[in-house]
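> Quick one, fold the following:
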Amino acid sequence: MASFSSLTRPVSETSLFVLKLSDQSSNSHSFSKNLSFSRSGFCCFQSQLVKIRLKPSVSIKNSYQTESSTKTESTIVSEVPILSCSEAIERLRMSRETYKSKEQYLAMYSSVFGGITMDSSAMVIPMDDHMVHRGHGVFDTAAIMDGYLYELDQHLDRFIRSATMAKIKLPFDRESIRRILIQTVSASECRKGSLRYWLSTGPGDFQLSPSGCHQPALYAIVIENQSPPDYSGIKVVTSSISIKPPQFAVMKSVNYLPNALSKMEAEENGAYAAIWLDFDGFIAEGPNMNVAFVTKEKELLMPEFDKILSGCTAKRVLVLAESLVKEGMLQGIRVEKVTVEEGKIADEMMLIGSGVLVRPVVQWDEQIIGDGKEGPVSQALLNLILEDMKSGPASVRVPVPY
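Numbering: from 1, shown residues only. Modelled structure (predicted):
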């Protein structure tokens, strides 16, 4: 069993930190029910002891141990607490206070408890929700700009389509879900941020089939990102992580392990994102954004959506780009298969999504895109999206009553 002796002690140098070597038999040890785990160590409050059976000698090596420290002659035991509901919630609250995040969670709706909470320590979902242990859930996101939800209805339509493909029944009708989402943003008083929402087969058990789930569950959370936006040019690489099959790529499910690994691969290579190719070798998409190009003929070129997620922001960009055609900045707009060669010799390349809006790409692998600087079309499309979010038509801007 791994030694806990290297763990940091609490700030208070009291007897709250307890480690005991049993004076009983070599494979029988006792520990208290009231040891709390924290980022700074263990807090112990004496209570009754519970006897457990342990193997006499287990050696576990981690990155913080030396070769000699991996071999132990005796087992060190510790004490694990049994917590009441209120104690667990309080420790969740304390745990959150030990780290800072660039994102603030202002409000959460859960159909499980049937309401909205502004307490981040209560923003949790049941472990037996099949979205947690089976990945059986879908989600979507809508931006909040100046007290308006941008493209809420477009995202909500895709959300429901994804749920249908994932065979998840709606817990409420579409209008009720829409109303709940708006009310959650209203309760948060957030005027600039994002609304993310999930639909799962719900809690019930740890089986594979959701047949034992009580009912589908809807969750929504309002997120305020306190980091300033960054629209500077970025580098991308070609992903070595396999793209999801079209059946799963076209739905926005919570199965994002390939996406996460692809993003990690990019970061490990000093890039912002990794670009997926489809099974035929054509350009597909990024881990959570679409990709587009400006050809040497000054055409906006975007891969087809038949094998990838249909991006709401990307589709809106296609509409807004028509004004650039009228102005002569673009000669046309095409949505079709795009080869890697076409993409790498393009004058401009950009990532498009609700998280990045329009982000210019200046390098793909070792290939410099265009002149290696942010292109004029990318900048123009970014300005169009930002303006659309602030003063676009009612079809893309839903007011939130505060």
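> Show me where the stretch 151-300 of the chain has its strands.
Under the criterion DSSP state E, counting those that start in this stretch, the stretch 151-300 of the chain contains strands at 192-200, 217-225, 234-238, 273-275, 290-294, 299-302.
> I'd like those as a markdown table, with mean pLDDT, mean neighbour count and distance to residue 253 appended.
Using the backbone N, CA and C atoms, a C-beta is placed for each residue, glycine as well. Listed next are these as a markdown table, based on pLDDT from 0 to 100; neighbours: other C-beta atoms under 10 Å; distance: least, C-beta to C-beta, whole Å:
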| stretch | mean pLDDT | mean neighbour count | distance to residue 253 |
| --- | --- | --- | --- |
| strand 192-200 | 98 | 22 | 10 |
| strand 217-225 | 97 | 21 | 14 |
| strand 234-238 | 98 | 20 | 24 |
| strand 273-275 | 98 | 25 | 19 |
| strand 290-294 | 98 | 27 | 17 |
| strand 299-302 | 98 | 22 | 23 |
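> Burial check on residue 366, number of neighbours?
8 (other C-beta atoms under 10 Å).
> Then the one 5 residues further on?
Using other C-beta under 10 Å, the number of residues around residue 371 comes to 10.
> thinking again about what came up before, now the strands of the stretch 151-300 of the chain as JSON lines including distance to residue 178?
Converted to JSON lines, those look like this (distance: least, C-beta to C-beta, whole Å):
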{"stretch": "strand 192-200", "distance to residue 178": "10"}
{"stretch": "strand 217-225", "distance to residue 178": "11"}
{"stretch": "strand 234-238", "distance to residue 178": "34"}
{"stretch": "strand 273-275", "distance to residue 178": "31"}
{"stretch": "strand 290-294", "distance to residue 178": "25"}
{"stretch": "strand 299-302", "distance to residue 178": "29"}
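> Just tell me which of those ends up closest to residue 246.
The minimum distance between residue 246 and these falls on strand 290-294, with 15.2 Å, by C-beta to C-beta.
> Which secondary structure elements does the closest one sit against?
If contacts are counted by 3 or more C-beta pairs under 8 Å, 6 or more residues apart in numbering; DSSP states H and E, strand 290-294 sits against strand 299-302, helix 312-320, helix 340-344, strand 348-353.
> among the ones you listed, which is the most enclosed?
Neighbour counts (mean count of other C-beta atoms under 10 Å) averaged over each of those peak at strand 348-353, with a mean of 26.
> what's next to that one, contact-wise?
234, 236, 272-273, 286, 288-294, 311, 313-314, 317, 343, 358-361, 364, 369-370, 375-378, 381 (C-beta atoms under 8 Å, 6 or more residues apart in numbering).
> Against residue 234, how distant is residue 249?
Plainly put, residue 249 is 23 Å away from residue 234 if you go by C-beta to C-beta, to the nearest Å.
> what's the answer for residue 182, then?
Applying C-beta to C-beta to residue 182 and residue 234 gives a distance of 34 Å.
> quick one on the thing from earlier: wait, which of the strands of the stretch 151-300 of the chain is closest to residue 111?
Across these, closest to residue 111 is strand 217-225 (C-beta to C-beta), at 4.4 Å.
> Can you check what angle separates the closest one from strand 192-200?
Here the directions of strand 217-225 and strand 192-200 differ by 160 degrees (axes from the mean of the first three to the mean of the last three C-alpha atoms, to 10 degrees).
> so what secondary structure elements neighbour strand 217-225?
On a contact count with 3+ C-beta pairs under 8 Å, 6+ apart, strand 217-225 meets strand 103-110, helix 174-188, strand 192-200.
> Could you dump those into a markdown table and include distance to residue 168?
As requested, these are exported to a markdown table (distance: least, C-beta to C-beta, whole Å):
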| stretch | distance to residue 168 |
| --- | --- |
| strand 103-110 | 16 |
| helix 174-188 | 12 |
| strand 192-200 | 6 |
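> what's the helix or strand for residue 89?
Element membership for residue 89 (DSSP states H and E) is helix 85-97.
> rewinding a little: minimum distance to residue 85: which of the strands of the stretch 151-300 of the chain has it?
Among the strands of the stretch 151-300 of the chain, if distance is taken as C-beta to C-beta, the winner is strand 217-225, at 19.8 Å.
> neighbouring contacts of that closest one?
102-112, 123, 125, 129, 131, 144, 171-172, 177, 180-181, 184-185, 188, 190, 192-203.
> now those residues: which count as buried?
With neighbours counted by 16 or more other C-beta atoms under 10 Å, those contain buried members at 105-112, 123, 125, 129, 131, 144, 171, 177, 180-181, 184-185, 188, 190, 193-203.
> Run through this protein and note the low-pLDDT ranges.
1-75, 77 (pLDDT under 70).
> Helices of that one, residue ranges please.
Per DSSP state H, the chain carries helices over the ranges 85-97, 130-133, 152-165, 174-188, 246-249, 257-268, 312-320, 322-327, 340-344, 376-391.
> Please name whichever of the helices and strands packed on strand 217-225 is nearest to residue 258.
It is, among those and with distance given as C-beta to C-beta, strand 192-200, at 18.6 Å.
> can you list the domains in this protein?
1-98, 100-225, 234-391 (automatic domain parsing).
> so which of these gets nearest residue 402?
Across these, closest to residue 402 is domain 100-225 (C-beta to C-beta), at 5.8 Å.
> Ok, which of the strands of the stretch 151-300 of the chain comes nearest residue 208?
strand 192-200 (14.6 Å).
> Run me through the strand neighbours of the closest one, direction for each.
Using DSSP bridges, strand 192-200 pairs in its sheet with strand 137-145 (antiparallel), strand 217-225 (antiparallel).
> Compute the inter-axis angle for the last one and strand 103-110.
Spelled out, that is strand 217-225. 160 degrees.
> So residue 299 sits against residue 330, correct?
Yes: using C-beta atoms under 8 Å, residue 299 is in contact with residue 330, at 6.6 Å.
> ok so, going back, reformat the helices of the chain as a markdown table; add distance to residue 219.
Below are those laid out as a markdown table (distance: least, C-beta to C-beta, whole Å):
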| stretch | distance to residue 219 |
| --- | --- |
| helix 85-97 | 17 |
| helix 130-133 | 8 |
| helix 152-165 | 12 |
| helix 174-188 | 10 |
| helix 246-249 | 21 |
| helix 257-268 | 20 |
| helix 312-320 | 20 |
| helix 322-327 | 37 |
| helix 340-344 | 37 |
| helix 376-391 | 25 |
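> Sweet, I'm off.
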